[in-house]
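Student: Please work out how this folds:
(2 chains)
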There are 2 protein chains.
Amino acid sequence: MTRDDARRLDAHDPLARFREAFDLPEGMIYLDGNSLGPPPRAALARLQETAAREWGRDLITSWNLNGWIDAPLRVGGKIASLVGAKPNEVAAADSTSVNLFKLAAGALGLRPGRSVILSETGNFPTDLYVLEGLARTAGAELRAVPPDALLHAIDGDTAVVVLTHVHYKSARRWDMAQVTARAHAAGALMLWDLSHSTGAVAVDLNGTNADLAVGCGYKYLNGGPGAPAFLFVAERHQAQIRSPLSGWMGHAEPFAFEDGYRPSGDIRAQLCGTPGVLGLTALEAAVDLQPAADPAAVEAKGQALCDLFIAEVERRCSGMGVQLVTPRKAAERGLHVSFTHPHGYAVVQALIARGVVGDFRSPDVMRFGFSPLYLSHEEVWRAAEILHEVLATAAWDDEAYRTRAAVT
Amino acid sequence: MTRDDARRLDAHDPLARFREAFDLPEGMIYLDGNSLGPPPRAALARLQETAAREWGRDLITSWNLNGWIDAPLRVGGKIASLVGAKPNEVAAADSTSVNLFKLAAGALGLRPGRSVILSETGNFPTDLYVLEGLARTAGAELRAVPPDALLHAIDGDTAVVVLTHVHYKSARRWDMAQVTARAHAAGALMLWDLSHSTGAVAVDLNGTNADLAVGCGYKYLNGGPGAPAFLFVAERHQAQIRSPLSGWMGHAEPFAFEDGYRPSGDIRAQLCGTPGVLGLTALEAAVDLQPAADPAAVEAKGQALCDLFIAEVERRCSGMGVQLVTPRKAAERGLHVSFTHPHGYAVVQALIARGVVGDFRSPDVMRFGFSPLYLSHEEVWRAAEILHEVLATAAWDDEAYRTRAAVT
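Tutor: Numbers count the residues shown, from 1 in each chain, chains lettered A, B, ... in the order given. So this is what the prediction gives:
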């Protein structure tokens, strides 16, 4: 492929118009939206409006007047359309970690007599850490097995299977329908972490019969640093599942100020404390930007960008030490591409210095995310070219790199 | 007292200069800062800077470059100086409800063999709700007793006593030293909710030997709607206490991406998910505004405002149905003043229509907060005058008020 070929693809890209909606530094090729999405201009404007006018002028009345109190369910309802859920099945609140704790604990309560939380080794660490903390607190057992042993490890002791749909490092994607069916066949519940999926690949929670899910607001949703996360509870479980974090926002009547907790009986029962309005409002404007009608088109462009990057890197950098660790088949991966390189950390730093922003994951993984809303085919083509330039000209200083890597 | 007397007090008020630091609507007398503090101008500016420049220009590098990753401990360290704690004993994160869950669960772990979480009936509801959820999850028991039975209810089964220092409705204040000593004498731990205290009354966590505390960022700290909350763990407990919400930010090496959780062993072990940067950054600017050196001066002015309001309301509104429910002695209360009135909801609405913003708490409590950083004696004098005008001229329509109250 030539640069002109890439430009021709851009000229016919139905999503190209979204680029203008983002505030990105001039000249930067930002391949780290899978870690922190850049600001949509609308999110910056909305944040300013919420802070200066709503907080500053309307003050306490904003909870009703400006809809702050409804923000968790309103934003959740919008995210629902991106993940194949009904609007009343999703809420935006807290962090992914906190939401995982709520739902995994709730799942244990729905499966009395079963004590195993099943996950995979190498899952995103906070998922394993949170499940470990829950297991200790609730007297359950976290069992983490290698991914290729996962399906066979689901048994009659399994209360809930907890997996990240798209792996944070390799981008390997689980078959949601297959795993969920296997969990259900054994009487277990299925809880998906959609952090690296939402806003990137088409997800159909209800179509695959998922029970529970959590996801991140600041990656492909571009909701801002540490944006509120979201959670999904299938309608059929909402009346029974109990959140351990039973704060006042989940009460049937939060402002009745009763001593005893009565869960609201719907998705709101998964809320806990007072919602973080500033974060929610930026996230809402960002989610509004998603071309919600067609997640499949978003995924299709993203996968085309991934294919382009893989092909160009492998064509240009053959024999230069890069090794693809992401599945080659689009259906088996998310929207980031990872290569290992013995000097991965140094290469990523050199790329950043030249305006190509990816990231590094220990010990040797260079990770590049291909968010479809603001990246062009030409930028991806150019990123591969710059990677080749870096690899062709670099002189490694192993000791210096090891020292720097250790403090990052 | 005359209006001129009030003006003379303002002329000699050492905290009067802070008023200019806040963006308050012209002509509004804002007596609801105990529910949602108004925006410090610096917080609005900092939020804009964080969003537009840090997020927009520096993107992912901001985690290190702009200190995002350190924000929870950095902001916590600043709050510490307001509550008599060491900088390394406080972190800003999550909501008050979530933090209460963490620390109460941690306390249960520190007191094996004891299963009772003791609190008071009528405590702020989310505290009771969260403790109820924890008790159910961890196999403990929540015991809530009337406040006058509290001290005698502490016994050898009590793992932790959980109380709100200043009551959200009455403003009644617990004697921290007395209750903490009683808890310790019985071998129990003491966990304070400082939501209505921090930034209002002088709190000395270490001076009173407290073990654990949580508190709110959006009331007297003026950190913004749903601002991150904070938590305190006395240094002596930090190595032993285990958070059930053991997310990656509390790991000894969050970016080592290990499968197994190793707590950091200090206050950072109480962090869970990715910090909400937008909320933290507004909170930080707001906390920076607190005249940290002298919480006693803040409390002294606030109590003078409370005294002024009580005296003026009782002088003017005698026989008009208002009844003080807040303790008369400054040492026994926080910085809000509550009166009951049979038509409390309607009176509060009429006050708001005249620019005096207080709030209503079911069934008949009119609540007025006296934040010392932006209120003048003259405003408080005028608020009492307007309350009298409202009471003197109002015609009640009971049915309409009941309907409106029910939907609030």
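Student: neighbours of the closest residue to chain B within the stretch 251-400 of chain A, just the number please.
Tutor: Nearest residue of the stretch 251-400 of chain A to chain B, counting by C-beta to the nearest C-beta: A:Gly273, 2.7 Å away. C-beta here means a position set from N, CA and C on the backbone, and glycine is covered the same way. A:Gly273 sits with 26 neighbouring residues when counted by other C-beta atoms under 10 Å in any protein chain shown.
Student: now do the one 5 residues further on
Tutor: Residue crowding around A:Leu278 was assessed by other C-beta under 10 Å; the count is 31.
Student: What are the buried residues along the helix or strand that contains it?
Tutor: Assigned by DSSP states H and E, A:Leu278 belongs to helix A:277-289. Neighbour-count burial for helix A:277-289 flags A:277-287, A:289 (criterion: 16 or more other C-beta atoms under 10 Å in any protein chain shown).
Student: and the angle for it with helix B:277-289?
Tutor: If you take axes from the mean of the first three to the mean of the last three C-alpha atoms, to 10 degrees, helix A:277-289 sits at 150 degrees to helix B:277-289.
Student: So which elements touch helix A:277-289?
Tutor: Helices and strands touching helix A:277-289, as assessed by 3 or more C-beta pairs under 8 Å, 6 or more residues apart in numbering or on different chains; DSSP states H and E, comprise helix A:41-49, helix A:71-80, helix B:277-289.
Student: how does it look with 10 Å?
Tutor: Contact analysis of helix A:277-289 by 3 or more C-beta pairs under 10 Å, 6 or more residues apart in numbering or on different chains; DSSP states H and E lists helix A:41-49, helix A:71-80, strand A:90-92, helix B:277-289 as its packing neighbours.
Student: Can you name the next helix or strand after it?
Tutor: Defined by DSSP H and E, the subsequent element after helix A:277-289 is helix A:295-316.
Student: Please state the offset of that next one from the chain centre?
Tutor: Distance, stretch centre to chain centre, for helix A:295-316: 19 Å (C-alpha atoms, centre = their mean, to the nearest Å).
Student: Show the subsequent helix or strand relative to that helix.
Tutor: Heading C-terminal from helix A:295-316, the first helix or strand you meet, by DSSP H and E, is strand A:323-324.
Student: Give me the contact list for that following strand.
Tutor: A:170, A:310, A:313-314, A:337-342, A:364-365 (C-beta atoms under 10 Å, 6 or more residues apart in numbering or on different chains).
Student: of these, buried ones?
Tutor: Applying 16+ other C-beta under 10 Å to the contacts of strand A:323-324 flags A:170, A:310, A:313, A:337-339, A:341, A:364-365 as buried.
Student: Run through the helices of chain A in chain order.
Tutor: Listed in chain order, the helices found in chain A under DSSP state H are A:3-11, A:41-49, A:62-65, A:71-80, A:96-110, A:125-138, A:150-153, A:176-185, A:277-289, A:295-316, A:344-353, A:377-393, A:398-407.
Student: A:Glu389: what's it in contact with?
Tutor: Residues in contact with A:Glu389 (C-beta under 10 Å, 6+ apart) are A:316, A:350-351, A:354, A:356.
Student: want to throw these into JSON lines with distance to B:Ala202 and neighbour count?
Tutor: Output for those, formatted as JSON lines (distance: C-beta to C-beta, whole Å; neighbours: other C-beta atoms under 10 Å in any protein chain shown):
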{"residue": "A:Arg316", "distance to B:Ala202": "66", "neighbour count": "16"}
{"residue": "A:Ala350", "distance to B:Ala202": "54", "neighbour count": "18"}
{"residue": "A:Leu351", "distance to B:Ala202": "53", "neighbour count": "24"}
{"residue": "A:Arg354", "distance to B:Ala202": "55", "neighbour count": "14"}
{"residue": "A:Val356", "distance to B:Ala202": "53", "neighbour count": "24"}
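Student: which of the residues you listed lies closest to A:Arg17?
Tutor: A:Arg17 has its nearest neighbour among these in A:Val356, at 23.6 Å by C-beta to C-beta.
Student: For whichever residue of the stretch 1-150 of chain A sits closest to chain B, which non-adjacent residue is spatially closest?
Tutor: Of all residues in the stretch 1-150 of chain A, the one sitting closest to chain B is A:Ser95 (2.7 Å; C-beta to the nearest C-beta). Distances taken as C-beta to C-beta, 6 or more residues apart in numbering or on different chains put B:Gly273 closest to A:Ser95, at 2.7 Å, once the chain neighbours are dropped.
Student: Export the buried residues of helix A:277-289 to TSV and append columns for distance to A:Glu379 and pLDDT.
Tutor: Listed next are the buried residues of helix A:277-289 as TSV, based on distance: C-beta to C-beta, whole Å; pLDDT from 0 to 100:
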residue	distance to A:Glu379	pLDDT
A:Val277	35	98
A:Leu278	31	98
A:Gly279	29	98
A:Leu280	31	98
A:Thr281	30	97
A:Ala282	25	98
A:Leu283	25	98
A:Glu284	28	98
A:Ala285	24	97
A:Ala286	21	97
A:Val287	24	97
A:Leu289	19	93
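Student: tell me which of these is nearest to B:His237?
Tutor: Distance to B:His237 across these (C-beta to C-beta) is lowest for A:Gly279, with 30.1 Å.
Student: from what I can see that closest one touches A:Leu221, true?
Tutor: No - the criterion here is C-beta atoms under 10 Å, and A:Gly279 misses it with A:Leu221 at 11.9 Å.
Student: Need the overlap of contacts for those two.
Tutor: Residues touching both A:Gly279 and A:Leu221 (C-beta under 10 Å, 6+ apart) are A:75, A:92, A:227, A:229.
Student: need the contact list for A:Val357.
Tutor: With C-beta under 10 Å, 6+ apart, A:Val357 has these contacts: A:25, A:28-33, A:35-36, A:38, A:348, A:351, A:368-369, A:383, B:59-61.
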